[in-house]
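**Student:** give the three-dimensional model of this entry:
(2 chains)
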Amino acid sequence: MTIFGVPPQLLFSQLLLGLINGSFYAVLSLGLAVIFGMLNVINFAHGAQFMIGAFVAWIALTQFGVNYWEALVLSPLLVGALSALIEVSMLRRLYKLDHLYGLLLTFGLALIAEGVFRNFYGVSGESYDVPDQLAGGVNLGFMFLPLYRGWVVVAALGVCLAVWFAIERTRLGATLRAATQRPDLVQSLGINVPLLMTATYAAGAALAAFAGVLAAPIMQVNPLMGSHLIIVVFAVVVIGGMGSILGSIVTGVGLGLVEAFTKVYYPQASGVVIFLIMVIVLLVRPAGLFGRQA
Amino acid sequence: MKSKLLIGAAGLAMVLVGAVHAQVADGVVKIGVLTDLSGAYSDLSGQGSVVAVQMAIDDFVAREKPSFKVEMVYADHQNKPDIAANKAREWFERDGVDMVTDLVTSSTAVAVAKIGKEKDKIVLVNGAGSTRLTNEDCNDVTVHWAYDTYALANGTAKTLVQRGGKTWFFLTADYVFGHSLEKDASDVIVASGGKVLGSAAHPFPGTDFSSFLLKAQASGAQVIGLANAGTDTTNSIKQAAEFGITPKQTLAGLLVFITDVNSLGLKATQGMYLTEGFYWDLNEETRVWSKRFFEKHKKMPTMVQAGDYSAVMHYLQAVKAVNSDDTRKVMAQMKKTPVNDFFAKNGRIRDDGRMVHDMYLFEVKKPSESKGPWDYYKLVATIPGDEAFQSLSASRCPLIKK
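**Tutor:** So this is what the prediction gives:
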């Protein structure tokens, strides 16, 4: 029995791989959406923060013996702190200006980061082993699922839902949302708005670093690992709607599945199908599938 | 007035003296090592190749005490043919480089072979594998020294089909080398009575092979042929193990180097068949040379690095014999002289540019059989040069008159 000429085993296993890719897209686009929604900054350094997160985990493992689980916490904290510094010293001055300035600054920072790492580590990947507790796999019948990849889906989507909940359903989130819409009013109520902004940017970067640590055992840790991914993620965010938190999660996973589907039936298009969808969405619904009309 | 005349005469004398002695242009032979210093193939060639070529130069100068100086320059082509071509052009046109070697990654080798022909400079290829270098893209300044995809297919693929691996699926690096290896291996498989069920081409260099490996798994082939090399091969093997593809299906690394076995470990590679042109522990001569290499590079040499030494030494000896760095003269001398060193016994350069020498089929030892680091291979068979490489009669090289 085949589905449109493809054995079901192949189709479902590819869809599962698509779900895993989609989880990465979801976490990264969530970070981007949070930063754009809250700070109105198009954070082109997101891919670099993803890459630095993976490298911190690798350096921590090889030089300091820090294991994977510790790195999952340590790396986002370090990258978050670094990004907070960048926000305070450079990004803050650009909030009142056109979006373009924030984009240019973060793009430049991304290029610097990539160049520095490339200088020290070359372009071939550094190997990061799957942690022992997650080695091996489970036979699902239609495919053999490595435990680690299953964990990636659980961890990524779990973090996404936690962030969505924090922003949409808690008081802190409400304060954040208010601060973006009327920073002057919120400031006059005694809330330290600049600190909130810094914290938001750091949190977005930390999300990227978290995704980086998750990705380290799957992709090889190399300085270019962020740059391909970030372009796809931007397309995801545009399709989902730039300010929508839930939209970026749903779109991320959905597009991962669409990409996998294409890989099975028409592999030549798998690299561009997401951009094709982006073009169509921009023509039909410019604010994105879940976006609010600005 | 008198001093001007004196200076003029001295100048003329110097020019004349210079002209008589400069048979080797400028009295310097410059060798360029163009390799992958930081990418997917940097382990099997890269810095090790630079070390090997420097060793060849040092040994030659110490032993032969030539009348000319020998210098080396090296650069990273990052596995990109346009960067390689530009560097080669710059070296030949501006920096007086006489010969370029290593050239891992077949697309760069093909590009630089063309530049060598254009500038009439010698190109000695050790790293690349594509048979196109001695067929469609052959020329009379290029020698394909260490190995090629035909020899690899003849060794590994043939043996596996004979041992029962009848159905194959290929995981291919999507550029000239991968396609060349897939084609040569497919020809051998079909000729030996096997069947190729399909193939999946992955971008070069690749990082995540999971979707391609799943296709291979779904095909149900007995053998999954890895028509790739370097980190592509090691990552494919690692990820195949992750997805439970091995040991049910056999993975056939069609181009595997000792550095790959070293990074994967014997547990993951035991029992694997591979075809190489050199192994450090083959005989006393290879052991002696490899130990010297190990002292400098801290890793045992691959056939690419050993081939670089052998090719450069052969070239320098030819230059000394004809006392010139003129391409025609040196090339003729190189083709006339057999290659007899630790790397090749009874090796010779054919008119299509192929350096024919014995190849070896190895099996990777089990962890219990290995006596220490780098003790990885056991010799299964020696394939004599004329059998290992494509015969001249089947060659598609325009230089070969039929």
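
**Student:** only C-alpha atoms from now on, for both contacts and neighbour counts.
**Tutor:** Fine.

**Student:** can you give me the strands in the chain?
**Tutor:** You didn't say which chain, so I picked chain A. Assigned by DSSP state E, the strands in chain A fall at A:137-139, A:144-146.

**Student:** hm, I was asking about chain B
**Tutor:** Going by DSSP E, chain B shows strands at B:28-35, B:69-76, B:99-102, B:122-125, B:142-144, B:167-173, B:195-202, B:223-227, B:250-253, B:273-276, B:348-349, B:355-356, B:359-364, B:377-383.

**Student:** indicate which one of those is closest to A:Leu111.
**Tutor:** A:Leu111 lies closest, by C-alpha to C-alpha, to one member of the strands of chain B: strand B:69-76, at 20.7 Å.

**Student:** and the gap between A:Ala215 and chain B?
**Tutor:** For A:Ala215, the distance to chain B (C-alpha to the nearest C-alpha, to the nearest Å) stands at 11 Å.

**Student:** and that residue, how many neighbours?
**Tutor:** As a burial measure, A:Ala215 scores 22 neighbours (other C-alpha atoms under 10 Å in any protein chain shown).

**Student:** for residue 218, which non-adjacent residue is closest in space?
**Tutor:** I'll assume chain A. B:Asp208 (7.0 Å; C-alpha to C-alpha, 6 or more residues apart in numbering or on different chains).

**Student:** meant chain B actually
**Tutor:** A:Leu10 (6.0 Å).

**Student:** OK, contacts around that neighbour?
**Tutor:** A:Phe142, A:Val264, B:Leu214, B:Lys215, B:Ala218 (C-alpha atoms under 8 Å, 6 or more residues apart in numbering or on different chains).

**Student:** for B:Ala62, same thing?
**Tutor:** Applying C-alpha under 8 Å, 6+ apart to B:Ala62 gives no contacts.

**Student:** recalculate using a threshold of 10 Å.
**Tutor:** B:Ala56 (C-alpha atoms under 10 Å, 6 or more residues apart in numbering or on different chains).

**Student:** related to what we said a few turns ago, quick one: closest of the strands of chain B to chain A.
**Tutor:** Minimum separation from chain A across the strands of chain B (C-alpha to the nearest C-alpha) falls at strand B:195-202, 9.8 Å.

**Student:** that closest one: how far from the chain's middle?
**Tutor:** The chain centre lies 25 Å from the centre of strand B:195-202; the measure is C-alpha atoms, centre = their mean, to the nearest Å.

**Student:** okay, buried residues for it please.
**Tutor:** For strand B:195-202, burial by neighbour count (16 or more other C-alpha atoms under 10 Å in any protein chain shown) applies to B:Lys195, B:Val196, B:Ser199, B:Ala200, B:Ala201, B:His202.

**Student:** can you tell me how far B:Lys366 is from B:Val288?
**Tutor:** B:Lys366 sits 25 Å away from B:Val288, going by C-alpha to C-alpha, to the nearest Å.

**Student:** quick one, which of those two is more surrounded?
**Tutor:** It is B:Lys366, of B:Lys366 and B:Val288, that has more neighbours when counted by other C-alpha under 10 Å, with 17 against 13.

**Student:** now do the same contact list for the residue nearest to that one when sequence neighbours are not counted.
**Tutor:** Spatial nearest neighbour of B:Lys366, excluding adjacent residues (C-alpha to C-alpha, 6+ apart): B:Gln270 at 4.9 Å. Shown in contact with B:Gln270 (C-alpha under 10 Å, 6+ apart): B:Val261, B:Glu363, B:Val364, B:Lys365, B:Lys366, B:Pro367, B:Glu369, B:Tyr376, B:Tyr377.

**Student:** mind redoing it with 8 Å?
**Tutor:** B:Glu363, B:Val364, B:Lys365, B:Lys366, B:Pro367 are the contacts of B:Gln270 under C-alpha under 8 Å, 6+ apart.

**Student:** pLDDT score assigned to it?
**Tutor:** Looking at B:Gln270, its pLDDT reads 85.

**Student:** quickly check: stretch A:232-245 near chain B or not.
**Tutor:** No. Counting by C-alpha under 8 Å from any C-alpha of the partner chain, no contacts exist between stretch A:232-245 and chain B, the nearest distance being 16.0 Å.
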